[in-house]
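Q: 3D, please:
(3 chains)
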Amino acid sequence: MKKSDDFYSRVYEIVKCIPSGKVTTYGLIAEFLGAKSSSRMVGWALNAVIDRIDIPCHRVVNRLGELSGKMHFDHPQQMKDRLLAEHVEFIGEAVDLSKHLWKPDDALTDL
DNA sequence: CGGGTGACTTTAC
DNA sequence: CGTAAAGCCACCC
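A: Residues are numbered from 1 along each chain as shown, chains lettered A, B, ... in the order given. A predicted model of the protein is given here:
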């Protein structure tokens, strides 16, 4: 495996590294990749792999912790349901980032 | 190269 | 809270 293929591949690698019970944001991933303004591409990249269980797209939320991508799931409720199953606490419809925010930097330890 | 796109973000009304 | 618009950038054709 290469450490850097494309922007997309990097997104997948990072998302796959998100530990259970943790979530991250599009902006954080994009920023980590060096293109903080390409946060949209992060979500778009996930949409291309939404079918791959290898990539827990449900652990990626917007900067407020809202499940902005749930609408793209076959069953939107599943996104929140999965997070709840991973002991992720919610504040209304948003994840409690103050307790479950994960940074790509933490992946460096494993990569 | 250029145009279209988007699961973002920010500002504004 | 809602919608709108702009900025922004990588990918695809």
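Q: which residues touch the nearest residue in space to residue A:73 that is not next to it in sequence?
A: In this structure, residue A:73 finds its nearest non-sequential neighbour in residue A:79, 5.4 Å apart by C-beta to C-beta, 6 or more residues apart in numbering. Placement of C-beta: from N, CA and C, glycine included. With contact taken as C-beta atoms under 8 Å, 6 or more residues apart in numbering, residue A:79 is in contact with A:58, A:67, A:69, A:70, A:73.
Q: Counting neighbours, which of those comes out on top?
A: For those, the largest number of neighbours (other C-beta atoms under 10 Å) sits with residue A:58, at 24 neighbours.
Q: if I pick residue A:99, what's in contact with it?
A: residue A:89.
Q: What residues sit buried inside the helix or strand hosting it?
A: Applying DSSP states H and E as the criterion places residue A:99 in helix A:97-100. Buried residues in helix A:97-100, defined by neighbour count with 16 or more other C-beta atoms under 10 Å: A:97, A:100.
Q: try stretch A:22-34
A: A:22, A:23, A:24, A:25, A:26, A:28, A:29, A:30, A:31, A:32, A:33.
Q: quick one, phi/psi of the third one?
A: Okay, so that is residue A:24. Here is the backbone geometry of residue A:24 (degrees, to the nearest 10): phi -140, psi 170.
Q: Can you tell me who it pairs with across the strands?
A: Beta-bridge partners recorded for residue A:24 (DSSP bridges): residue A:60.
Q: for the residue nearest the centre of chain A, what are its contacts?
A: Taking C-alpha atoms, centre = their mean as the criterion, residue A:60 is the residue nearest the geometric centre of chain A, at 2.2 Å. Applying C-beta under 8 Å, 6+ apart to residue A:60 gives the contacts A:15, A:18, A:23, A:24, A:25, A:26, A:29, A:42, A:43, A:46, A:69.
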